[in-house]
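**Student:** Fold the stuff below for me.
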Amino acid sequence: MEIENFFQQLPFVKLIGIELTEVKNGHAAGYLEMRDELSWSEDEHMAHSGVTFTLAEVTGAAAMVSVNEPPVFTVDIDLKYLNTGYGDLYAEAEVVRNGDEVGIVEIDVVDEDQSRVVGTTAVLALK
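**Tutor:** Sure thing, here's the model as predicted:
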């Protein structure tokens, strides 16, 4: 099964609607179309922080799985909320350390105006 399909079959990922658009060689890109039920505002599409967190974590895990056998598990994540995400969200993840027991991935999420929403470093346990 392709990595993208593996992640997109996870129940919570399906519920939120995360789409992995690229996964290869320690890199992953993800996309989330904003919907009313994912927004914390009734007036405009403003991403709820939990939605932004999930997009970052899933995209980071996909990048790590592209260079390791699944499963991988998030053991620590340092996520900095920099701006409110308006509209659709896009994530880019890059593996920066691929060790024997843990790996580190850096993830950025931007909104549809390319405003940086979060900067993230995640540590994932391998196998």
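
**Student:** Low-confidence regions, this structure specifically.
**Tutor:** 1, 4 (pLDDT under 70).

**Student:** Can you show me the helices along it?
**Tutor:** Secondary structure of the chain (DSSP state H): helices at 3-8, 11-16, 49-65.

**Student:** Same list (those helices) but as a markdown table, adding mean neighbour count and distance to Trp40.
**Tutor:** Any C-beta I mention is one placed from the backbone N, CA and C, and that applies to glycine too. Conversion of these to a markdown table gives the following (neighbours: other CB atoms under 10 Å; distance: least, CB to CB, whole Å):
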| stretch | mean neighbour count | distance to Trp40 |
| --- | --- | --- |
| helix 3-8 | 16 | 24 |
| helix 11-16 | 13 | 14 |
| helix 49-65 | 24 | 8 |
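
**Student:** Tell me which of these lies nearest to Gly30.
**Tutor:** Closest to Gly30 of the helices of the chain is helix 49-65 (CB to CB; 3.7 Å).

**Student:** Which one of the helices of the chain lies nearest to Lys127?
**Tutor:** Nearest of the helices of the chain (CB to CB): helix 49-65, 11.2 Å.

**Student:** Show me what the closest one is packed against.
**Tutor:** helix 3-8, helix 11-16, strand 18-24, strand 27-32, strand 72-81, strand 89-98, strand 102-111, strand 116-126 (3 or more CB pairs under 8 Å, 6 or more residues apart in numbering; DSSP states H and E).

**Student:** Identify all contacting residues around the first one.
**Tutor:** Read it as helix 3-8. Helix 3-8 is contacted by residues 13-14, 18-20, 23, 58, 61-62, 65-66, 70 when judged by CB atoms under 8 Å, 6 or more residues apart in numbering.

**Student:** Most widely separated two among the residues you listed?
**Tutor:** Longest distance between any two of the contacts of helix 3-8 is 20.3 Å, between Lys14 and Ser66; criterion CB to CB.

**Student:** Let me have the helices of the chain in CSV, extended by distance to Asp43.
**Tutor:** Below are the helices of the chain laid out as CSV (distance: least, CB to CB, whole Å):
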stretch, distance to Asp43
helix 3-8, 30
helix 11-16, 21
helix 49-65, 17
